[in-house]
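A.B. asks: need a structure here:
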Amino acid sequence: MKKLIRIIVVIFFMSSSIQAQDMIYKKDGNKISVHNIEVLDNLTKYVKDADSSGSTMLINNDEISFISFKNGDIRFFEKESRAIQRYNFKKNLINYHLFDLIVNNFKISYERILLNGKIGIQIPFAIGYGNDISGFDDVDNKFYTGLALNFYPTGQGKVRYFMGPAVNVGTGNYEDYNGYYNSSEPYYGTYDTFILRFYVNNGVMFSPIPELSLSAVGSIGIRYVENNSSTIESVKTVGAFSFNLSYRF
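C.D. replies: Purely as a prediction, here's the structure:
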């Protein structure tokens, strides 16, 4: 039905040869005869035909139903307004990484959304507070930060997929064989080390409301540690999983 109405409107304006000016048709039913139209992402600039001063005016695109141009073209704004509303999420996120508590890390991160919701730049801060995380890595975190670049192919909808590279730098410690207490029991000492990790992240984010997001992220990459140990690998393949709660502002 909507398509039929649009076709009728288009035929009407194309057949109206007496129309020699651009017209803005607003959603409230009013129309404005204009010239020098410039349509931007969220605003439209124009000059009223009735304004002899030639002042440039602005109107929000979500107030416009459609624009008919004197060359016969028609631009409808209904779908565009829905798209803007769909992706009208705030661009700053504070993330609390809940799953990191399992591996004895307290981790938060800040993310800034750029380029109409297509790219996010994320900076993590993590502090390790315990040991004994065998099964995840043989090096415990003490502190790390870094940078992640998240690509959102579909922008900032309610549900969206993202992926991208991430690098972490920080300090940690590991246990290594250091001798014997006696003939049968080995002794392990704890040593500090520098840690460098490179990941490729893949995740899904869900926003039930614009201010709240939930995300699950799986990562795979490599880890480098600076050490002289015979039992700890300097370079190792590692993986990670994170479940995050985010506040948007």
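A.B. asks: Centre of the chain to the longest strand along the chain, how far?
C.D. replies: When the chain is parsed with DSSP state E, its longest strand is strand 186-209. Taking Cα atoms, centre = their mean, to the nearest Å, one finds strand 186-209 lying 20 Å from the centre of the chain it belongs to.
A.B. asks: List the beta-bridge partners for the spatially most central residue of the chain.
C.D. replies: When Cα atoms, centre = their mean is applied to the chain, the residue found nearest the centroid is residue 120 (4.1 Å). Residue 120 has these beta-bridge partners by DSSP bridges: residue 113, residue 150.
A.B. asks: pLDDT below threshold where in this structure?
C.D. replies: Along the chain, segments meeting pLDDT under 70 span 1-20, 78-88, 130-137, 177-188, 228, 230.
A.B. asks: Give me the domain ranges for it.
C.D. replies: 2-86, 92-248 (automatic domain parsing).
A.B. asks: if you compare these, which one is most tucked away?
C.D. replies: domain 92-248 (a mean of 15; mean count of other Cβ atoms under 10 Å). In short, each C-beta sits where N, CA and C put it, glycine included.
A.B. asks: mind listing the strands for this structure?
C.D. replies: 22-26, 31-39, 43-48, 56-60, 64-68, 74-76, 92-97, 105-114, 119-128, 140-151, 159-180, 186-209, 212-225, 235-248.
A.B. asks: what packs against the last one?
C.D. replies: Yep, that's strand 235-248 we're talking about. Counting by 3 or more Cβ pairs under 8 Å, 6 or more residues apart in numbering; DSSP states H and E, the packing neighbours recorded for strand 235-248 are strand 92-97, strand 186-209, strand 212-225.
A.B. asks: Can you give me every residue that contacts residue 196?
C.D. replies: 167-169, 223-225 (Cβ atoms under 8 Å, 6 or more residues apart in numbering).
A.B. asks: Tell me which residues touch the residue nearest to the centre of the chain, please.
C.D. replies: Applying Cβ under 8 Å, 6+ apart, the residues contacting residue 120 are 93, 111-114, 149-150, 152, 162.
A.B. asks: Pick the one among these closest to residue 176.
C.D. replies: Closest approach between the contacts of residue 120 and residue 176, by Cβ to Cβ: residue 149, at 34.7 Å.
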